[in-house]
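Enquirer: predicted model and sequence follow; I will ask about them next.
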Amino acid sequence: MTEPAYLTSTRTAYDTVADAYAEEARDALATSPWDRAMLNTFAELVGATGPVGDLGCGPGRLTGHLASLGLDVFGVDLSPGMVAVARRAHPELRFEVGSLTALALEDGSLTGALAWYSLIHTPPEQLPVVVAELARVLAPGGRLLTAFQVGDERLHIPRGYGHEVSFDAYRLQPDFVAGLFEAAGLAMEARLVRAPREREKTQQAYLLARKPA
């Protein structure tokens, strides 16, 4: 089966920028109180009840943070370059290459799933497939937390982190994403939309959903 072009372009872009991205994002959580608040709430709700997937983990910075909060967490990312960086940074944790469109995980195998800015490179019309996959791997009672930029635009990215790249990102509306979650059988628990900070150009959204027991 031919891979969708957006997956190929996204993988290539993140392979290209993996080291530079990891360096720039390394300390971002320390200056992001809203991010820490949502991640800490997610960790408290999920607890040490079973495996948690950081799905679209990039260089593993949030995988490491969730592990420090006591979660049994592992990372999955589309980019082998990002996975290599994550393994070097966190050799004590497990990281695998994989796609959110077809996760190599059993049905109901996760008590928590984090999709932190990892839905933004999927064309909106393809997102139902990804959200259904996230719902599939959650156990009853399991929680999904996602974050994304708010808007309706498709942005083409020709350069990032000092490198020439070519891939797209999509800003999304919280109601649209919440509707996808509900259509996949998840129940919305919380949503937060905050004002942009520092270099951000748009509002940022956090959505937390639960798979009914």
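Expert: Sure thing, it's come through.

Enquirer: what number of residues lie near Pro158?
Expert: 8 (other Cβ atoms under 10 Å). The way it works is simple: take the backbone N, C-alpha and C, and place the C-beta from them, glycine included.

Enquirer: need the longest strand for the protein.
Expert: In the chain, with assignment by DSSP state E, the single longest strand is strand 138-149.

Enquirer: ok, it: who's next to it in the sheet?
Expert: Looking at strand 138-149 with DSSP bridges, its partner strands are strand 110-116 (parallel), strand 204-210 (antiparallel).

Enquirer: run the chain-centre distance for that strand.
Expert: Computed by Cα atoms, centre = their mean, to the nearest Å, the separation of strand 138-149 from the middle of its chain amounts to 10 Å.

Enquirer: returning to what we had before: single out the most deeply packed of the strands paired with strand 138-149.
Expert: Comparing the strands paired with strand 138-149 by mean neighbour count (mean count of other Cβ atoms under 10 Å), strand 110-116 ranks first with a mean of 26.

Enquirer: quick one: Leu127 is in a helix?
Expert: Yes. Assignment of Leu127 by DSSP: H, G, I helix; E, B strand; the rest coil places it within a helix.

Enquirer: against which helices or strands is the one helix or strand Tyr21 maps to packed?
Expert: Assigned by DSSP states H and E, Tyr21 falls within helix 5-25. In terms of contacts (3 or more Cβ pairs under 8 Å, 6 or more residues apart in numbering; DSSP states H and E), helix 5-25 is packed against helix 80-89, strand 154-160, strand 163-170.
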